[in-house]
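Q: next comes the sequence, and after it the predicted model I'd like to discuss.
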Amino acid sequence: MKCYPDRSRYLELAARCSRVPLVGERSVHGFNPSTAYRSLFAEDARSFLFESGKGPDETARYSFFGCANQKALSIRNNQFDIHNNGDRETVALPAPDALKRLNFEPGLDAIDHVDHFWGGWVGYLSYEMAHWFENIQLRAKDGLDLPLLFFFQVDRLWVYDHHTALLKYIVADETGPDPAGTHTRAAAELETAWQAMDRVLAEPAATEPGKATPASSLQASLQSNITEAEYVQMVERAKNYIEEGDIYQANLAQRLAVEYAGDPFPLYQRLRRVNPSPFSGYLKFDDMVLASSSPERLVKVVKDAVETRPIAGTRPRGKSEEEDARLSSELLLNEKEKAEHLMLVDLERNDIGRICKHGSVEVTDLMFLEQYSHVCHIVSNIQGHLKPEIEVTDILAAVFPGGTITGCPKIRCMEIIDELEPSTRGPYSGSFGYIGFSRHLDLNIVIRTILVQNGKAYFHVGAGIVADSIPEKEWQETLDKAAAMIQALSEEPVE
């Protein structure tokens, strides 16, 4: 095992930085983060696995996994709860400074031996957190009993670099008044952690995830929060708003639910196998689990560089190579889909332009195609450079929630979504990921995601509505997007 920085460099950094990550790494070819997570952390009350999957190299390089320390933040029932080493502080809302606890820690710019996330906050924001960042009032309506926000702190974790096959264990404690002692304890923990990992690596290869309900039975027992006729009516009302000039486009969703009493982790493994995606993840919070195979990034920050990656435009995959090529070509040439996508690219450019230096925002990739197991999408990539002194709360206020799952203009679309959809969205079309101690942040958009709680599995699927949308086709698009989740919950392929 290679350990760095050495003691001398660690103490040098500790004189300037309140927290210094100590890294123990080794080359491990063919490493399976999912198997290791399950062996080491699946029984922890709060744990996470962020797993790179299918996607371009820049989005599918690292996997991260670990468990929480004793610090956490949550918003539920109109109060902000702060958990700190067994103590709990409740702050009445509104509390404008409460979210600032998620900000990057100052004085860590000298840390240069780790160029990725090495500790910080891990968690999610529900869609309804929008009213914290935008001037919008959301109605109280049917929903699940979930926190609006839940983040726990992580100060040691495993990281796997899929490009170099390097596996790292990182301890990122505060250096405190005795940095030499902190280094000694961290170095000893690296040895212990690698001994545990060696036992995992010596285990026989894991078997395939267990089977679930047959697809035919599952589809019969799926319950939606809306009928097809009601969805068609919802689309028609959205089109009226478009005709009247209120909006240009809106995303409307249905929520599906089914009984699920099994272990959620094999469900995640099946979902990732069925629909490998660059922003896959498994988040465990006490009595709930989010299992995601999201293809979409909300926002990424590395130092002063910021990036967002909008997806808009969908077609189902073909059943043959010829049909697949035809559908893909049709998607890229379709004027409706192109116009919708370009409109949302402009929205996202404007969003990150609020926090970026003048003239730094540019579209680096425009309208390329990405294929997933059941659908293909049009994707673009937008980058910029942050203004000085921009904090996490500024970034969230600028980009949350993602315009691709609200519509344009964003605030009016959120008001219309609130009027038309019968249930709160919860995590769906919100975001989960990490916010580093240092200036590393990566948050996805929660789509292609199953929530498991209290013996039930829930997932949302939506479609972008524009002036010439055909309501029945938009309903079918939601079902196309549901196919991967249905297959993950089933033991047989969905045709």
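A: Yes, it's here. This one's a predicted model, so the numbers in the text were calculated from it and none came from an experiment. Residues are numbered from 1 along each chain as shown.

Q: helices of the protein, start to end?
A: Along the chain, the segments classed as helices by DSSP state H run 7-14, 33-41, 130-133, 179-202, 215-221, 228-243, 264-274, 321-333, 335-353, 392-399, 410-420, 471-488.

Q: any chance of those in a markdown table, plus mean pLDDT, distance to Gly426 and mean neighbour count?
A: All C-beta spots, glycine's among them, are computed from the backbone N, C-alpha and C. Shown next, in a markdown table, are those (pLDDT from 0 to 100; distance: least, C-beta to C-beta, whole Å; neighbours: other C-beta atoms under 10 Å):
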| stretch | mean pLDDT | distance to Gly426 | mean neighbour count |
| --- | --- | --- | --- |
| helix 7-14 | 97 | 41 | 16 |
| helix 33-41 | 96 | 24 | 20 |
| helix 130-133 | 86 | 12 | 18 |
| helix 179-202 | 97 | 33 | 15 |
| helix 215-221 | 62 | 21 | 14 |
| helix 228-243 | 97 | 18 | 17 |
| helix 264-274 | 92 | 16 | 22 |
| helix 321-333 | 76 | 29 | 13 |
| helix 335-353 | 86 | 22 | 19 |
| helix 392-399 | 94 | 17 | 20 |
| helix 410-420 | 95 | 13 | 19 |
| helix 471-488 | 92 | 15 | 20 |
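
Q: now do the contacts for Asn381.
A: Taking C-beta atoms under 8 Å, 6 or more residues apart in numbering, we find Asn381 in contact with 307-309, 363-365.

Q: with Glu191 instead?
A: Taking C-beta under 8 Å, 6+ apart, one finds 1, 24 in contact with Glu191.

Q: distance check, it against Ser293.
A: 35 Å (C-beta to C-beta, to the nearest Å).

Q: out of the helices of the chain, which is closest to Asp97?
A: helix 392-399 (9.2 Å; C-beta to C-beta).

Q: what lies in contact with that closest one?
A: With contacts defined as C-beta under 8 Å, 6+ apart, helix 392-399 is touched by 99-100, 102-104, 125, 133, 298-299, 301, 306, 308, 348, 351-352, 354-355, 386, 435, 441.

Q: which of those residues fall in strands?
A: Residues of the contacts of helix 392-399 located in strands (DSSP state E): 125, 298-299, 301, 306, 308, 435, 441.

Q: which of these lies closest to Thr175?
A: Distances from Thr175 to these, taken by C-beta to C-beta, are shortest for Ile435, at 20.7 Å.

Q: and that closest one, how many neighbours?
A: 23 (other C-beta atoms under 10 Å).

Q: next: the one 10 residues further on.
A: Other residues near Ile445 number 31, with proximity taken as other C-beta under 10 Å.

Q: need the nearest residue in space to Leu443, chain neighbours excluded.
A: Gly433 (3.9 Å; C-beta to C-beta, 6 or more residues apart in numbering).

Q: wait, doesn't the one you found sit right on Gly281?
A: Yes - assessed by C-beta atoms under 8 Å, Gly433 is found in contact with Gly281 at 7.5 Å.

Q: now do the shared contacts for those two.
A: 50, 444.

Q: can you list the weak-confidence ranges in the stretch 51-200 of the chain?
A: Applying pLDDT under 70 to the stretch 51-200 of the chain flags the ranges 53-59, 93-96.

Q: run the last query once more with 80
A: Across the stretch 51-200 of the chain, the ranges flagged by pLDDT under 80 are 52-60, 77-78, 85-87, 91-98, 140-143.

Q: who are the contact partners of the residue nearest to Leu443?
A: Contacts of Gly433 by C-beta under 8 Å, 6+ apart are 50, 122, 279, 281, 298, 441-444.

Q: select only the buried ones of those residues in PyMOL?
A: To isolate the buried members of the contacts of Gly433 in PyMOL, using 16 or more other C-beta atoms under 10 Å:
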select buried, resi 50+122+279+281+298+441+442+443+444
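
Q: between the contacts of Gly433, which has the least confident prediction?
A: Checked by pLDDT, the contacts of Gly433 have Phe279 as the lowest-scoring entry (89).

Q: spit out the contact partners of that one.
A: Counting by C-beta under 8 Å, 6+ apart, Phe279 touches 50, 59, 292, 294-297, 433, 444-445.

Q: just how off-centre is stretch 7-19 within its chain?
A: Stretch 7-19 has its C-alpha centroid displaced from the chain centroid by 32 Å (C-alpha atoms, centre = their mean, to the nearest Å).

Q: what's the answer for stretch 416-428, then?
A: Remark: stretch 416-428 is offset 19 Å from the chain centroid, using C-alpha atoms, centre = their mean.

Q: output that stretch as CSV, nothing but the C-alphas.
A: Listed next in CSV are the C-alpha coordinates belonging to stretch 416-428 (Å, rounded to 0.1, in the frame of the first residue of the first chain):
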residue,chain,number,x,y,z
ILE,A,416,-48.0,24.8,-13.1
ILE,A,417,-46.5,21.5,-12.1
ASP,A,418,-47.7,22.2,-8.6
GLU,A,419,-51.2,22.9,-9.9
LEU,A,420,-51.5,19.9,-12.2
GLU,A,421,-49.6,17.0,-10.5
PRO,A,422,-51.6,15.3,-7.7
SER,A,423,-48.7,14.4,-5.4
THR,A,424,-45.5,16.0,-4.2
ARG,A,425,-42.5,14.8,-6.1
GLY,A,426,-40.1,14.2,-3.1
PRO,A,427,-36.7,13.1,-4.3
TYR,A,428,-37.8,12.7,-7.9
